[in-house]
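S.K.: Fold the following and give me the result.
(3 chains)
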Amino acid sequence: MADSPEAIKKSVKLYSFIGLVLFGCTLLTVAVATFPALDFGGHGFDYMDAIIGLAIATFKASLVAVIFMHLNHEKKAIYWIFLGAIFFAICLILLFALAFFDPITFDGLMPKFGQG
Amino acid sequence: MEIPYIVNARKDTGLNNSKIAIWLFLASEVMLFGGLFSSYIFLRIFADYPWPERVLPVLPGLINTFILIASSVTVVYAWAGLKLRKWNVFAINMTITLVCAAVFMVFKGMEYNAKFHHQAVQYNDWSVVDGHTHYEKDGHGGNFYAVNADTVTFKLASYYDPYLEEILKRIEDAKAEIKIADNYISTQVNDAEDQFKEKLIATKGEEVDGDRLKEILAEAKDYFIEARTHNQEVRTEALRLAWKQFRANKDNKYTEFADKSHHEPEVKEAVNALHAELVAANATGDLMNTGDSIAISLDGALIKVDPDWGRMNGKKEGGESLVKLKDSTTIAGIAADSGMELDVDAIDFQHMVMKLKEKVAEGVEDASAIEAAIAKSPILNIQGKEGDRIRNLWKLHEKWVDLFTQELVEDYGLDEDGNPNRVPTERDIYRLTWKHMVAYKRIQDNNLEFTLAEVKNQLPSMIEGFVGADHKIFNPKDDSGKVIPEDSHFPSITIPREQIRFESVFSPKMNNYYAIYFTITGLHGLHVIGGALVLAYYLFFGRKMYNENPEWLANRVEVGGLFWHFVDLVWIFAFPIFYLM
Amino acid sequence: MSADDHHDHHDPPFWQKYILSTDHKMIGLQYGITALLFLLFGFFLMMMMRWSIAYPDEPVPGWMNWVFSDTWKGRWLTDGKVTGETYNMFGAMHGTIMVFLGVVPLGFGAFGNYVTPLQIGAPDMAFPKLNCASYWLYAIGGLMMCGSFFLESGSAKSGWTNYPPLSAFADSQHPNQFFTGQTQWLLGLVFLISSSLLGSVNFITTIINLRAKGMTWMRLPFFVWAMLVTGFLLLLAFPPLEVAGIMQVVDRTFGSSFFQPSGLVSAEGIEEIAGGGSPLLFQHLFWFLGHPEVYVLLLPSIACVAEIIPANTRKPLWGYKSMVYAVIVLGFLSFIVWAHHMYLTGMGSSVSTFFQTTTVLISIPSVVLITSLLISLWGGSIRFTMPMIWACAFLPMFGIGGLTGLPLAFNLVDLHLHDTYYVIGHFHYVVAPGILFGLFAGIYYWYPKMYGRYMNRTLGHLHFWPSLVFINLVFFPMLIQGMAGFHRRWYNGGDSYMVPEGSENVFGNTVREFINLNELMSISVFMLALAQIPFIINLFTAWKIGKKVESDNPWNATTLEWATPTPPGHGNFTFDVAAYRGPYEYSRPDCEEDYYPQWHEPKENTSADLDAGVQEKKEH
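M.R.: Below is the predicted model of the structure:
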C-alpha cells in the first residue's frame, strides 16, 4: 500500500490519467454504437457489436478495479476472494446459458421460443 | 477489551479488518449483479417478442456515466488528501463526489419520470403504438374501465376500502341512487332463549348513501366472519361426533366396515352421510346464515376504475360488461367508453411481423401475409384527418426504407448469390420512431426533397432527444410564419378498448426489457444512495475522528471509496447494455 | 490497553446487555433461543400436516388445534379438517422455517457465533455491532414470514421453493400486495439474506484476522474450518436468490413478467401480462443458492461432531488434513451441482450429464468427512457422555441420508424418484436424524461452558432413545413409499387415489398397499414430539440445578474455548492466549495426562498446570 506522500502524489497523477482514459473509452463506446461506419458485423445490432461493447466495458471495469481499487498491489487473499467471486459469477452465467444450448431447447442457431 | 487490527494491519495477512470485510462484501455484490446480468442475458435470448433496442435516450445515460466516472476520480483524490493529512483537499473532493451522486440521481429520476408518463398500446393484431395520453393536462381520455353499472356486488370477507371509496365517489359524481339489491339477514343464536334471532342488516330496495353503505358492509362483514366461525365449529363437532359414533357402532350398525381402514372409499361415504345427518338434525348446534356478499343496484351510474384493479369482460362499448376487481368486487352493467386517447409518437409492427414470420417459416402463411397484415392493421385504418396523417407518415416511412435499402446495397455491395451484404434491420423497417416522424413532417411542411440526407438533417438534435418527444415539436408554420397549433402535435387518435390487447406505461409491466432495466438501475440507484450516505457521514462527522486518529478515518474513507468504485463498475456495464444495445 | 477501554463496559443497562448486545456469546444465545423456538413452531406445523396425511377425513384433535383462534379455524379449516390450501401453507412454511429460520441460525448463527471466536483465541467477532444487526435482521425477517399467518391471504403457500408461475398466481387477487403472505415471504427472505451476508462477512474476517498468536491455519480446530467454508457458501451463494426474490417482488407489485411465460391462462381467462418470461430462470437462481444451502445446513453440525469425537475418544481426529481439504473442495463443488434439483425440467442430455458428474463427484469429499469421523472412533477410549451418544448417532443417520442421496444424483433414476416421498425421506434423514442430532450433541457439549453445569443425564437419555427410535420410524417408511410412487405435497397422503379393493387401477392399488404406513409415521411423529419434552425441561432447569462442573475444562478437551472462565466474560480470555500446538493433541506418549491443551506453554506440562481454566497472568 503506497504510504509515503511522494508515492501518493504519484498515484494521484495516475488516477487523473486513468480518469481521462475512462472518459475516452465511454465516448468510444457511444461512437461504436452510433456511427454506421463503425458498425461491425451485419447492419444493426448483432453479436459482433455485443462483443465489442462488452469488451470495452470490461477494459474500463478492469482499469477501475486494478488501479482505482488498487487491486494491483493488494494482498493475495483479496485477489483470491474477488477472483473467486468473478469465477463463480461467470459459472452462473455460463451454466445458465449451457442449460439452454442443448438439443431440446436449441434449434440450430436460434433458440426455440417458449422453451424457457 | 479492544478488537485488534481495526486500524493497523495484521502482520501475517497484511490487512486490517475492514479491508477484508469490504472485499468480501464486494464479492457478494459481484454475485448479486452477476445474477442480475445473467438474468438479463436469459431474458433477452429467450424473449418471444422483439427485444427493444436503442429505445432509451442516450444523452442522459452518457452524462450520468461521465458524472459517475468523475465522482470515482474525486473520491480517490479525497482519500489521497486524508493520507497526505490535508483536510481541505478531502472535504472539497468529497463534496464534489456527493454532488455528483446527487446529480446522477436527479437525472435518473427525470429519466424514470419520463417513462412513467409515456404509454404504449398493443392492438389485438399485435401491432403497437406508443404515445401520451392527455389525462394529466386536461382530464380527457385517460385510462379507465368504464361501465354504466346496474349492479355492484361486494364480497364481505375481502372488499377493499380504497376500491369502495373510489366507487362511491364515482357514484356521487354521477348523482346516482344506491339501492340495496337483496335482503341480508343475520341469524344469531340467542343463548338465553336458545333460539335463532333474525336481524335484517340490509333490506331489499333500501336507499342508502355512501356512509350508510359503508356501515352496512362493515356490520355484515363482522357478522359474516362470526357466522363462518360458528358454522365451522358446529360442523367440526358434528364430524367428530360422526367418527365417534361410527367407531362405536362397528359391531352393530357398521359391521361391514369392521376391519376396513379409514381410507376406504366406502368408509368415507358412510361417515360423510352420518355427518350430514348430524348437521341437519342440529345435533351439535344450529347453523347461521352465511351469505358472503352484498349487492347494490345503481341503474346505470357511470363507474370508472383503474385497469390495474381488475379485469373487464365485455369491453365493447354498449355491450354487456362485467368488471371484476382484485378484491372480488364485481361491477355489472353496460360498457361505457373505455377507449384511450393517445398522441401517437411511434408505430411498431415488429411484434406482429415476428409472429407472422414464424408462421411463414412453418409454411402456414404466405410471405405476402405480412404486407397484408400491415395494411389491414387498425392503426392504418383510422378514419378522419388524424388517420390520414398517420397513413401519410407510414407511406413516407416505407419510402425511406426503400431508399435506405438502396443505399446499403450501394455502400456494401452484393455477395455471390446476388443478395445484399447488408439489409435494414426489422427495427428500421417496421418501427416508425418519433424522431423519424418529426423529420418526415419537417420535410413535408417545408417542401424539402425527400432524400436520406435530408431525413438525417431534419432529425431532432441530441438535446431535443434528451427531453424526449415534445408534443409541440413540429411547429409547422403558416404563410405568415405563425405556428399552427392544431397541426403541431403528434397524430391524436382514440383506441376503443375492445381493440386493445395489452397496454402499459413504460414501467416494469411493459415487457421484460423495461422490467430488468428498472430492476438493475433501480438497485444500482439504491447502492448509489447508500454509498453516498456513508461517504456523507464521513464528510460531515469525520472531523472528530480526523483529529483523534487520521489514519483510521483514511481507512474508513478508503473502504467507502472501494464501495463507490464498485458502484461505478456496475454502471460501466449497465450503460452500454441498456442504452446502446 | 488504556484505562478508558474498560470504563464503558461496566454494567451495561438491561437492554444493552440482553437485547442489543454486541457480545458474540450473547448474540449466539439469542440466535440459539430464537432458532429453537422456530424449530418448535416448524415441528408443530409438520404435526398438523402429518395429521392431515394420516387422517385426512378427520377433524384435527383438540389437543393440536387449541393453538389456533376460532376465527382462524373458521377461515382455514373445513369441518375441522386441514384443507389443501391450508396444508400448502403449512408445507411451505414448515420448509422455510426449518431451513432458513431454524437449522441455519442454530448451526451458523448460534454455534458459530458462540464458539468460533473462543476457538481461535479472539476477544470477540471482528465487527460486534454488525453481529448485533445480523441477529435483529434475522429476527425481523422471521417474524415477517411467520406473522403472515395472520393476514387475510394467509402465509406463503407455494412450497419453500416458491416456484413461479404458481407462486405468482398465489395471493395475486389481493389489492394490496404488500400485505399478502407471498410478498411478506419474499420480503422476509430479503431480510434473512442480508442477515446472512453480514454474518458471513463477520465470520470470515474474524477467522482470517483475529486468530491468536500461534494459531496457524493448520492448527485451527476443524470446527473453525467448517465455519469458514460455511461463511463463503453463504456469502457467494445467497445473492442470486436475493435477485430471484427481488424479481418476484417486482413481478408481484409492478406487474412485470420476469417469470411469467406468454400465453398463461387462469380461471379468469388469458392473463393480461406482457409475458416473455421464464419460470426456469427462477429455478436456476433458486437452486444456485439451494444447493450450497444444504451444505450450510450440514457443515456446522459436522463441525460439532468433529469436536466432540476427539474429546470423547481421547484420540486425535483421524485425517484432519484430509478433512480440511475435503471441506474446501466440498464448498467449491457445491456451487456447480445445482441443476440436479432440476433434472425434470426438460434439460438436454449434455447439461444433465454435466451436473450428474459433478454431483457424483461431490459425494467424495462428503464420504471423506464421514469416514474420517468413523475411523476416528477406531481404537479410541470411548466415553459415552451425552454429547458423544448424539455424535455417534449422527454418523449412521447421516450415512443413511447420504447414501439415499446417491440414486437421486443420477438423472435416469431421478426420473422415477423426483418429487416423490423418497426425496423427502432422503433429505429429512440428512437434516433431522443427521444434522439435528449433531447440533443437539453440540448443545449438550457446550452447555457446561455456558452455564457451569452439566445437562441432566437422565433427561438426556429420555430425550435421546425415543428420538432415535421414532425418528427412524418417521422417515424410513418415506423411502419405501417414495419408491412405490407416492408424491410429495399430497395433503391427504394419497387418500384421493384410493380405489376399492379389487379395482384394476394399478396406481390405486400401489397406494392402497402402502398408505397405511402414513399412520405409523404420524403416530411416530407425535411420540417424537413427546420425546422433546425432556430436552426442553433439561435446557431450562439444568442451568440452575444441574450438576456443577469440576473445572473450566470439564471434558478435558484441548481446544481454546476451554481456556476461558465459565462462563467466558467480556473479552473471553483472562490472559494473553496463544496456540502452541495442533487442536487434537490427545494421548501423547510424552505427556503425563491423556490430553495436551493448545494453550499450555510448552515448558509447563506438569500435572498441576493441566487443571484447565483460569490461569494467572504470566509475567513475560
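S.K.: In the helix or strand encompassing C:T371, which residues are buried?
M.R.: Applying DSSP states H and E as the criterion places C:T371 in helix C:349-377. Using 16 or more other CB atoms under 10 Å in any protein chain shown as the test for burial, helix C:349-377 gives C:351-352, C:354-356, C:358-359, C:362-363, C:365-366, C:368-373, C:376-377. In this view, the C-beta of every residue, glycine as well, is placed from N, C-alpha and C.
S.K.: and what of stretch B:208-221?
M.R.: B:208, B:213, B:216-217, B:219-221.
S.K.: In helices, which of those appear?
M.R.: B:213, B:216-217, B:219-221 (DSSP state H).
S.K.: Please convert those residues to CSV, extending it with distance to C:D414 and pLDDT.
M.R.: Shown next, in CSV, are these (distance: CB to CB, whole Å; pLDDT from 0 to 100):
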residue, distance to C:D414, pLDDT
B:L213, 58, 94
B:I216, 57, 93
B:L217, 53, 94
B:E219, 56, 92
B:A220, 53, 93
B:K221, 49, 94
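S.K.: rounded to a whole number, what's the mean pLDDT of whichever helix or strand comes after the helix holding C:T371?
M.R.: The helix or strand immediately downstream of helix C:349-377 is helix C:386-409, counting by DSSP H and E. Averaged over helix C:386-409, pLDDT sits at 96.
S.K.: just stretch A:81-101 next, same as before
M.R.: Averaged over stretch A:81-101, pLDDT sits at 78.
S.K.: Phi, psi for the residue lying closest to C:T22 once chain neighbours are set aside please.
M.R.: Nearest residue to C:T22, sequence neighbours excluded (CB to CB, 6 or more residues apart in numbering or on different chains): C:P128, at 3.6 Å. Backbone torsions of C:P128, given as degrees, to the nearest 10, read phi -60, psi -40.
S.K.: List the residues that contact C:P128.
M.R.: Residues near C:P128 by CB atoms under 8 Å, 6 or more residues apart in numbering or on different chains: B:3, C:22-24.
S.K.: three-state assignment of the most centrally placed residue in chain A?
M.R.: Centroid check for chain A by CA atoms, centre = their mean gives A:T58 as the closest residue, at 1.8 Å. With DSSP: H, G, I helix; E, B strand; the rest coil as the basis, A:T58 sits in helix.
S.K.: Quick one, grab the pLDDT at residue 67.
M.R.: Just going to use chain A. Note on A:I67: pLDDT of 85.
S.K.: looking at chain C here, not the other one
M.R.: 91.
S.K.: what's the spacing between the nearest residue to it once chain neighbours are set aside and C:Y586?
M.R.: Spatial nearest neighbour of C:V67, excluding adjacent residues (CB to CB, 6+ apart): C:F44 at 7.0 Å. Distance check for C:F44 against C:Y586: by CB to CB, to the nearest Å, it reads 42 Å.
S.K.: So for these two, which sits in the more crowded spot?
M.R.: C:Y586 (21 against 16; other CB atoms under 10 Å in any protein chain shown).
S.K.: Hmm, the more buried one is touching C:R314, no?
M.R.: Yes. Counting by CB atoms under 8 Å, C:R314 is a contact partner of C:Y586 at 4.8 Å.
S.K.: what's the overlap in contacts for the two?
M.R.: With CB under 8 Å, 6+ apart, C:Y586 and C:R314 have common neighbours C:594-595.
S.K.: for C:D23, what are its contacts?
M.R.: Contacts for C:D23 (CB under 8 Å, 6+ apart) come out as C:124, C:128, C:570.
S.K.: can we see that at 6 Å?
M.R.: Applying CB atoms under 6 Å, 6 or more residues apart in numbering or on different chains to C:D23 gives no contacts.
S.K.: any idea of the pLDDT on it?
M.R.: For C:D23, the pLDDT comes out at 92.
S.K.: what does C:F14 give?
M.R.: If you check C:F14, the pLDDT there is 81.
S.K.: again, but for B:A27
M.R.: 93.
S.K.: isn't it right up against A:W80?
M.R.: No. B:A27 is not in contact with A:W80 according to CB atoms under 6 Å; the separation is 9.9 Å.
S.K.: So the two - more neighbours on which side?
M.R.: Between B:A27 and A:W80, counting by other CB under 10 Å, B:A27 is the more crowded of the two (26 against 13).
S.K.: near chain C, anything from the helix or strand containing the more buried one?
M.R.: Using DSSP H and E, B:A27 sits within helix B:17-45. Yes. Using CB under 6 Å from any CB of the partner chain, helix B:17-45 reaches chain C at B:17, B:20-21, B:24-25, B:28, B:31-32, B:35-36, B:39, B:42.
S.K.: would you list the residues you listed in CSV and tack on neighbour count and distance to chain A?
M.R.: Output for those, formatted as CSV (neighbours: other CB atoms under 10 Å in any protein chain shown; distance: CB to the nearest CB, whole Å):
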residue, neighbour count, distance to chain A
B:N17, 26, 13
B:I20, 25, 7
B:A21, 23, 11
B:L24, 26, 6
B:F25, 21, 10
B:S28, 23, 7
B:M31, 25, 6
B:L32, 22, 9
B:G35, 26, 6
B:L36, 23, 10
B:S39, 30, 8
B:F42, 25, 6
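S.K.: Including distance to C:W225, could those residues go into CSV?
M.R.: Rendered in CSV, the data for the residues of helix B:17-45 next to chain C read as follows (distance: CB to CB, whole Å):
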residue, distance to C:W225
B:N17, 20
B:I20, 17
B:A21, 20
B:L24, 17
B:F25, 22
B:S28, 21
B:M31, 22
B:L32, 26
B:G35, 28
B:L36, 32
B:S39, 34
B:F42, 36
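S.K.: Quick check: which helices or strands does the helix or strand hosting B:Q232 pack against?
M.R.: Of the helices and strands defined by DSSP H and E, B:Q232 is found in helix B:210-248. Judged by 3 or more CB pairs under 6 Å, 6 or more residues apart in numbering or on different chains; DSSP states H and E, helix B:210-248 is in contact with strand B:195-202, helix B:265-280, helix C:70-76.
S.K.: quick one: it to strand B:195-202, angle?
M.R.: Angle between the axes of helix B:210-248 and strand B:195-202 is 150 degrees (criterion: axes from the mean of the first three to the mean of the last three CA atoms, to 10 degrees).
S.K.: wait, what's in contact with B:P424?
M.R.: With contact taken as CB under 6 Å, 6+ apart, B:P424 is in contact with B:404-405.
S.K.: And the pLDDT at it?
M.R.: 90.
S.K.: got it, and C:A139?
M.R.: C:A139 is given a pLDDT of 97.
S.K.: follow-up on the earlier one: so which elements touch the helix or strand hosting the residue nearest to C:V67?
M.R.: Using DSSP H and E, C:F44 sits within helix C:24-54. Under the contact definition 3+ CB pairs under 6 Å, 6+ apart, helix C:24-54 sits against helix C:84-96, helix C:113-120, helix C:128-147, helix C:517-531.
S.K.: ok, and which of those helices has the densest surroundings?
M.R.: Comparing those by mean neighbour count (mean count of other CB atoms under 10 Å in any protein chain shown), helix C:113-120 ranks first with a mean of 27.
S.K.: and for it, what are the contacting residues?
M.R.: C:24-25, C:27-28, C:124-125, C:211, C:215, C:221, C:224, C:227, C:559-561, C:572.
S.K.: if we can go back for a sec, JSON lines please, covering the helices and strands packed on helix B:210-248 and showing mean neighbour count.
M.R.: Listed next are the helices and strands packed on helix B:210-248 as JSON lines, based on neighbours: other CB atoms under 10 Å in any protein chain shown:
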{"stretch": "strand B:195-202", "mean neighbour count": "13"}
{"stretch": "helix B:265-280", "mean neighbour count": "16"}
{"stretch": "helix C:70-76", "mean neighbour count": "17"}
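S.K.: Which of these sits closest to B:V128?
M.R.: helix C:70-76 (43.8 Å; CB to CB).
S.K.: ok, and the closest non-adjacent residue to C:F41?
M.R.: Using CB to CB, 6+ apart and skipping residues adjacent in sequence, the residue nearest C:F41 is C:I97, 6.2 Å away.
S.K.: thought the one you found was touching C:G42?
M.R.: Yes. C:I97 is in contact with C:G42 according to CB under 6 Å; the separation is 3.8 Å.
S.K.: Done for today, thanks.
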